[in-house]
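**Student:** Next input, structure requested:
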Amino acid sequence: MFKTETSTTMRLLILFAALMLLALLAACGGGGKAAPAGSSGQNAGQSDSSGRGVSLALSTATEGDGMLRLSISASGATSLHQMSLRLAYDPRAVRPVDVERGALIDERAVFFSAPDKPAAREAAYVPVAFTYHPGEVIPGSSGELLSMRFEVLDSGRDPGLQLIRDEKFLLARDRSGEDLQVLTGAGDE
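**Tutor:** As a prediction, this is how the structure comes out:
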């Protein structure tokens, strides 16, 4: 009984923290509707030439201790000021262990991530969001945004690591709160 209450309380705290961060992102960025990820087929995997987009790339590496490291890198990020994303995974294959900021999200940025704790679902996700304060700029135009480590539970299963490309969850804004196009390079249409 106590464990269930603790789990419920922890989930409510995580949900509250996520909602507060989303409110912070909305307050800092404000503005219009996000462009759907991958809305430009000719530029898949490339930032758009107007400087109004950022490209994301995922790469994985197996570590010797039964761990899998995923890196999310960005290019064309000169205008990037805040971002929210969800990374899907198969909880039967891997379990998230930790999330670390990369070189493009330095200590000045407000950073949030809380791995979802799925019960017996077929798909789960790790939410990640960050924002810089007004007047601050991202420290580069390309590089690693973040890395995540996963414990491998079943090496015979596909871990299913992929960005959720729904426009409600994959958002990027510049310093003035204007939406930036997000290209994932994988199946952008």
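**Student:** if I look at the closest residue in space to Thr78 that isn't next to it in sequence, how far off is Leu104?
**Tutor:** With CB to CB, 6 or more residues apart in numbering as the criterion, Thr78 has its nearest non-adjacent residue at 4.2 Å, and that residue is Ser141. For glycine as for every other residue, the C-beta is placed from the backbone atoms N, C-alpha and C. For Ser141, the distance to Leu104 equals 9 Å [CB to CB, to the nearest Å].
**Student:** okay, and the common contacts of these two?
**Tutor:** Ala77 (CB atoms under 8 Å, 6 or more residues apart in numbering).
**Student:** which one of the two has more residues nearby?
**Tutor:** Neighbours per residue (other CB atoms under 10 Å) separate Ser141 from Leu104, with Leu104 holding more: 22 against 16.
**Student:** Okay, strands next: where are they in the chain?
**Tutor:** With strands called from DSSP state E, the chain shows them at 53-63, 67-75, 82-89, 94-101, 110-113, 124-131, 143-152, 162-163, 171-173, 181-183.
**Student:** Which residues in the fifth one does the neighbour count mark as buried?
**Tutor:** Taking 16 or more other CB atoms under 10 Å as the neighbour-count basis, strand 110-113 is seen to contain the buried residues Phe111, Phe112, Ser113.
**Student:** Check those residues against Ala88 and report the nearest one.
**Tutor:** Nearest to Ala88 among the buried residues of strand 110-113 is Ser113, at 14.2 Å by CB to CB.
**Student:** Quickly note the distance from the closest one to Leu146.
**Tutor:** Ser113 sits at a distance of 8 Å from Leu146 (criterion: CB to CB).
**Student:** Quick check: neighbours shared by these two?
**Tutor:** Common neighbours of Ser113 and Leu146 (CB under 8 Å, 6+ apart) are Val99, Val128.
**Student:** so Phe150 makes contact with Gly66?
**Tutor:** No: counting by CB atoms under 8 Å, Phe150 stays clear of Gly66, with 9.9 Å between them.
**Student:** Would you agree the residue nearest to Thr78 is in contact with Ser55?
**Tutor:** No: the pair Ser141 and Ser55 fails to qualify as a contact (CB under 8 Å) at a distance of 10.9 Å.
**Student:** Export the strands of the chain to JSON lines and append columns for mean pLDDT and distance to Val137.
**Tutor:** JSON lines is the format used below for those (pLDDT from 0 to 100; distance: least, CB to CB, whole Å):
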{"stretch": "strand 53-63", "mean pLDDT": "94", "distance to Val137": "14"}
{"stretch": "strand 67-75", "mean pLDDT": "96", "distance to Val137": "14"}
{"stretch": "strand 82-89", "mean pLDDT": "94", "distance to Val137": "12"}
{"stretch": "strand 94-101", "mean pLDDT": "92", "distance to Val137": "16"}
{"stretch": "strand 110-113", "mean pLDDT": "90", "distance to Val137": "15"}
{"stretch": "strand 124-131", "mean pLDDT": "92", "distance to Val137": "12"}
{"stretch": "strand 143-152", "mean pLDDT": "95", "distance to Val137": "14"}
{"stretch": "strand 162-163", "mean pLDDT": "94", "distance to Val137": "24"}
{"stretch": "strand 171-173", "mean pLDDT": "95", "distance to Val137": "13"}
{"stretch": "strand 181-183", "mean pLDDT": "94", "distance to Val137": "19"}
